[in-house]
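# Starting from these lines, generate the structure:
(chains A, B, C and D)
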Number of protein chains: 2
Amino acid sequence: MDLSIGEVAERSGLSVHALRFYEREGLFANPVRRLPNGRRIYHEEDLEWLAICTKLRSSGMSLAMIRQYVELVRQGPGNELERLELLRRHESDVEAQIGELREALDVMRHKVRIYEDHVARGEADRLWNPSHRDAARTGPHQECRPSEGA
Amino acid sequence: MDLSIGEVAERSGLSVHALRFYEREGLFANPVRRLPNGRRIYHEEDLEWLAICTKLRSSGMSLAMIRQYVELVRQGPGNELERLELLRRHESDVEAQIGELREALDVMRHKVRIYEDHVARGEADRLWNPSHRDAARTGPHQECRPSEGA
DNA sequence: CTAAAAGCTAGAGTCGTATCTAGATCAATG
DNA sequence: CATTGATCTAGATACGACTCTAGCTTTTAG
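You can find the predicted model right below:
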């Protein structure tokens, strides 16, 4: 029924340190209660909440933003539009992130293909080496140009 | 022809501080030369290289990994397979990142839809508020469950 | 000629997100 | 009962990636 910090750490994947840290940072939806001896007690709902937090974290939501969200939730009903706005804001952040990643991926795939071609043809050593700038002028330079990559 | 650190900063989007920092960290493909008075001089190739670096950075490649790559490039021809391996490694990192982001996006879209529905129906205040745990037992709880989100 | 702007170095500070340490207490086990 | 392990607090430390400061020299504009 009641969970110790150690159990929650194990089941949430967060360290006990991180759990105490999250608590100090005000990231728990409901306040963490204590046993008479001062030890923290958690419940299943806390684990569920932590699962949400780690999902949001994994999408790059900052602890500060999670805290804003938690604060809205703790204020109780009536601010759903604000919560919605916050989520939508992060949603578009994540979409932008994905866009950037995909772009970088394209660049890298292009690089990889160039290397593969040249390695396959045994011509690898004709790739431009930017530390020998001359090569860029005298030989073919398939490297280190923004259009082609290094 | 020759570019000052200020010009490079402006055109690369990096600060002059960051440029000096990158240099200390060994992230330049060719060593940064100096004028007799000690000032750094850069060239177009450096800008091109920086553009690549910022692209890699934007996909989350660490400076350490960029440095590894630079070192391979500086060693000259012969290690193309290592470069390839490094790029492929990061490529799959990025793919994994995109996967995580998409997952988180799904979760959030689900949350957003729940909020929208309830707000639209004027039933927003029946969403579960995790700081009043009773509500989770007495009323309908469409919130803060890992399956449904908060 | 002077004042502002740009550059230099070495090193300190910042921010976010944890993680670890020391020293104390409490709980469970042989 | 004594050890071991879990927990507590407060505060220190780490790490990545910058960012800024102080104090000095050089360049440029008026």
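# hey, let's count contacts and neighbours off CA atoms from now on
Noted.
# which residues in chain A form helices?
Using DSSP state H, the helices of chain A run over A:5-12, A:16-24, A:44-58, A:63-75, A:80-120, A:135-138.
# Find the closest residue to DNA strand C in chain A.
A:Ser62 (3.5 Å; CA to the nearest atom of the strand).
# what bits of chain A have low per-residue confidence?
A:123-150 (pLDDT under 70).
# need the residues of it near DNA strand C, please.
By CA under 7 Å from any atom of the strand, the residues of chain A that approach DNA strand C are A:Leu14, A:Ser15, A:His17, A:Ala18, A:Phe21, A:Asn37, A:Arg57, A:Gly60, A:Met61, A:Ser62, A:Leu63, A:Ala64.
# Just say which of the helices of chain A is most tucked in.
Stretch with highest mean neighbour count among those: helix A:44-58 (a mean of 19; mean count of other CA atoms under 10 Å in any protein chain shown).
# In terms of secondary structure, what does that helix contact?
Packing partners of helix A:44-58 (3 or more CA pairs under 8 Å, 6 or more residues apart in numbering or on different chains; DSSP states H and E): helix A:5-12, helix A:63-75, helix B:80-120.
# out of those helices, which comes closest to DNA strand D?
helix A:5-12 (3.4 Å).
# That closest one vs DNA strand D: in contact?
Yes: against DNA strand D, helix A:5-12 shows contacts by CA under 7 Å from any atom of the strand at A:Ile5, A:Gly6, A:Glu7.
# could I get those residues as a markdown table with distance to B:Val119?
Below are these laid out as a markdown table (distance: CA to CA, whole Å):
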| residue | distance to B:Val119 |
| --- | --- |
| A:Ile5 | 36 |
| A:Gly6 | 38 |
| A:Glu7 | 37 |
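# Just give me the closest of those residues to chain B.
A:Glu7 (18.4 Å; CA to the nearest CA).
# domains in chain A, as residue ranges please.
What automatic domain parsing lists as the domains of chain A is A:1-76, A:91-150.
# which one of these lies closest to B:Ala120?
domain A:1-76 (17.8 Å; CA to CA).
# Straight-line length of that closest one, end to end?
Terminal residues of domain A:1-76 lie 26 Å apart, using CA to CA, to the nearest Å.
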